[in-house]
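> Sequence and predicted structure are below.
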Amino acid sequence: MTANKTIFIGELILLEMRKQDVSISVMAKELNLSINATHNALKKPSIQTDRLAQISEILQVNFFKILAADLHIDHPINPEIEKLTTENETLKKVIRLLGGNKE
């Protein structure tokens, strides 16, 4: 999420609930929470991952994917891991050339 455009997850959930015509009371029942607790949870700027997983299942919308798409990460893989992976593949080839592992 960019600094200019922060959308709280609760807002996204509420928009989807309206789109699917799911009321707070129905969501509260599905989450096994009171209506007030559900309303308060959706008004917060963040939400616990287990709760978000429940809501994603209820609404059949992957909110994790929506949030991840809004992250702008140029290099999601640790460069050190990438170097080690390349080195590992090279070593496997050398071992095969020397008559070792026949994978």
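Happy to help now that I have it. Residues are numbered from 1 along each chain as shown.
> Please work out the average pLDDT along stretch 28-40.
For stretch 28-40, mean pLDDT is 96.
> Contacts for that stretch next, please.
Stretch 28-40 is contacted from outside by 24-25, 27, 41, 51, 54-55, 58, using CB atoms under 8 Å, 6 or more residues apart in numbering. C-betas here are computed from N, CA, C, even on glycine.
> Just give me the neighbour total for the closest residue to residue 8 other than its chain neighbours.
Of all residues not flanking residue 8 in the chain, residue 45 sits nearest, at 4.7 Å (CB to CB, 6 or more residues apart in numbering). When counting by other CB atoms under 10 Å, one arrives at 10 neighbours for residue 45.
> could you list every residue that touches residue 45?
Taking CB under 8 Å, 6+ apart as the test, what residue 45 contacts is 8-10.
> on that earlier part again, top of the contacts of stretch 28-40 by neighbour count?
Counting neighbours by other CB under 10 Å, residue 55 comes out on top of the contacts of stretch 28-40 with 24 neighbours.
> Relative to residue 25, how far out is that residue?
15 Å (CB to CB, to the nearest Å).
> Can you go through the contacts of residue 45 and name the buried ones?
9-10 (16 or more other CB atoms under 10 Å).
> in which helix or strand would I find the residue most central in space within the chain?
Centroid-nearest residue in the chain: residue 64, 2.8 Å away (criterion: CA atoms, centre = their mean). In the assignment (DSSP states H and E), residue 64 maps to helix 63-69.
> roughly how far is whichever strand or helix holds residue 94 from the heart of the chain?
Assigned by DSSP H and E, residue 94 belongs to helix 79-97. Helix 79-97 sits 30 Å away from the centroid of its parent chain (CA atoms, centre = their mean, to the nearest Å).
> Using PDB, write down the CA coordinates of that helix.
C-alpha atoms of helix 79-97 as PDB (Å, rounded to 0.1, in the frame of the first residue of the first chain):
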ATOM      1  CA  PRO A  79      19.500 -12.200  -3.100                       C
ATOM      2  CA  GLU A  80      21.600 -14.400  -0.800                       C
ATOM      3  CA  ILE A  81      19.200 -17.200  -1.200                       C
ATOM      4  CA  GLU A  82      19.200 -16.700  -5.000                       C
ATOM      5  CA  LYS A  83      23.000 -16.900  -5.000                       C
ATOM      6  CA  LEU A  84      23.000 -20.000  -2.900                       C
ATOM      7  CA  THR A  85      20.400 -21.700  -5.100                       C
ATOM      8  CA  THR A  86      22.500 -20.900  -8.200                       C
ATOM      9  CA  GLU A  87      25.700 -22.200  -6.500                       C
ATOM     10  CA  ASN A  88      23.800 -25.400  -5.400                       C
ATOM     11  CA  GLU A  89      22.700 -26.100  -9.000                       C
ATOM     12  CA  THR A  90      26.300 -25.500 -10.300                       C
ATOM     13  CA  LEU A  91      27.700 -27.900  -7.700                       C
ATOM     14  CA  LYS A  92      25.100 -30.600  -8.700                       C
ATOM     15  CA  LYS A  93      26.200 -30.300 -12.300                       C
ATOM     16  CA  VAL A  94      29.900 -30.600 -11.300                       C
ATOM     17  CA  ILE A  95      29.100 -33.700  -9.300                       C
ATOM     18  CA  ARG A  96      27.300 -35.200 -12.200                       C
ATOM     19  CA  LEU A  97      30.200 -34.400 -14.600                       C
END
